[in-house]
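Novice: kindly generate the corresponding structure for this input.
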Amino acid sequence: MYWSAGAAPTRAETIARLAKYLGISEGDDPDRIEGARGTMRLYTALGERQVWIPKSRPARLELPLYPLPGVAGRNRGYLVEAVLGEGKRTRLLLDTGSGGLFLLERIARRGGLVPLSEETVFGGGGGGRQTTRRGLLPAIALGDLRFADALVSTTTDEIEPTGRYHGVLGLPVFEGYRVTLDLERSRLVLEPPAEEPGGSPYWSIAGQMLVRVEAGEGAGGLFMLDTGATSSQVSLTLAKSAPKASLGAEIPVRGFGGTMPGARPVRGIALAFQGLASEGRELIAADLTMRSRLGGVEVSGQLGLDLLDGTRVVVDTKAHRIEVTRGTKTKK
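Specialist: Coordinates of the predicted model:
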């Protein structure tokens, strides 16, 4: 009943199915129960009101990306500039691991935020939980791409300590486009979908862009393709089952949801995806059971910027295909 709610044709039907689920949910995962309640509050506040209403949708659009320098000549993220409301400019982290728009609350309020409801957000890699407010922005623009009533999640906690960006933007806002993330030339390009898209399939599940990644000797699984993560990770489940994996002692690693429990360095796992390879690199093994549990599918890891930086990532949102090619400066 819980999973069927996600396929309901209307918000009213989603609410009805989640209400039935809650009526029989005793003993089920408490995080799933809380997630159902949050969705019901949001959908009750929205009714059947449309969100992300296109006001200007150019056939082709090219925007600059602003790299965030990291260590060893590698970038730790890419920013895109948006205009909120009547002219509040802000930079957002372009994050393929995000399912929508997430803003610092004071920035959203300056853009005219209309609050709707509260819900609990469960950190992707960490075990932390945050109370977040959901609401509507009257207007948001990325270049000539403009929307009204953009659905946004907000937080009062600083998203980036130095203030270089105040929010996170996922790819769902570009639905219907062929999206090119040129991470070598720092450009974002939106174009019509290709007639014969290349690459391999991806699956959008619970806001996650999942691709099939090999991990050596027949191992592997579904990995989140995540331009918002500086490093690639594997799940502890995969690391413990890989015959050549060597796990180190626990280390402190932070994710969006806080410190990742049980995170450990791991060697002996070689990730491979469309010509990208982690062979010889030390990876992080982390507990991803919360992400798997809430999404309803086993997530075996994530591909981060240690592999993706400097590449050209093409996402055909109509065909659900993705193609990653090396840039001239991409390191193995």
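
Novice: give me the contact list for stretch 311-320.
Specialist: In this structure, residues lying in contact with stretch 311-320 by CB atoms under 8 Å, 6 or more residues apart in numbering are 96, 171, 174-184, 193-194, 197-199, 201-204, 209, 225, 227, 276, 321-327, 330. Using the backbone N, CA and C atoms, a C-beta is placed for each residue, glycine as well.

Novice: would you mark the buried spots in that stretch?
Specialist: 311-317, 319 (16 or more other CB atoms under 10 Å).

Novice: do stretch 91-108 as well
Specialist: Quick answer for stretch 91-108 (16+ other CB under 10 Å): 91-105, 107-108.

Novice: could you give me the average pLDDT of that stretch?
Specialist: Mean pLDDT, stretch 91-108: 93.

Novice: starting at the chain centroid, how far to that stretch?
Specialist: Taking CA atoms, centre = their mean, to the nearest Å, one finds the center of stretch 91-108 at 10 Å from the center of the full chain.

Novice: end to end on it, go ahead and measure it.
Specialist: End-to-end distance for stretch 91-108: 12 Å, by CA to CA, to the nearest Å.

Novice: sketch out the low-pLDDT regions of the stretch 101-250 of the chain for me.
Specialist: Counting by pLDDT under 70, the stretch 101-250 of the chain shows low-confidence ranges at 120-130.

Novice: where along it do the strands fall?
Specialist: Remark: strands assigned in the stretch 101-250 of the chain by DSSP state E, counting those that start in this stretch are 101-104, 114-122, 129-142, 145-155, 167-169, 178-182, 187-191, 200-201, 203-205, 208-214, 220-225, 233-235, 246-247.

Novice: return the most buried member of these.
Specialist: strand 233-235 (a mean of 27; mean count of other CB atoms under 10 Å).

Novice: list the contacts of Glu86.
Specialist: Glu86 touches 112, 139, counting by CB under 8 Å, 6+ apart.

Novice: from Leu137, how far out is it?
Specialist: 11 Å (CB to CB, to the nearest Å).

Novice: hey, what's in contact with both of the two?
Specialist: Gly112.
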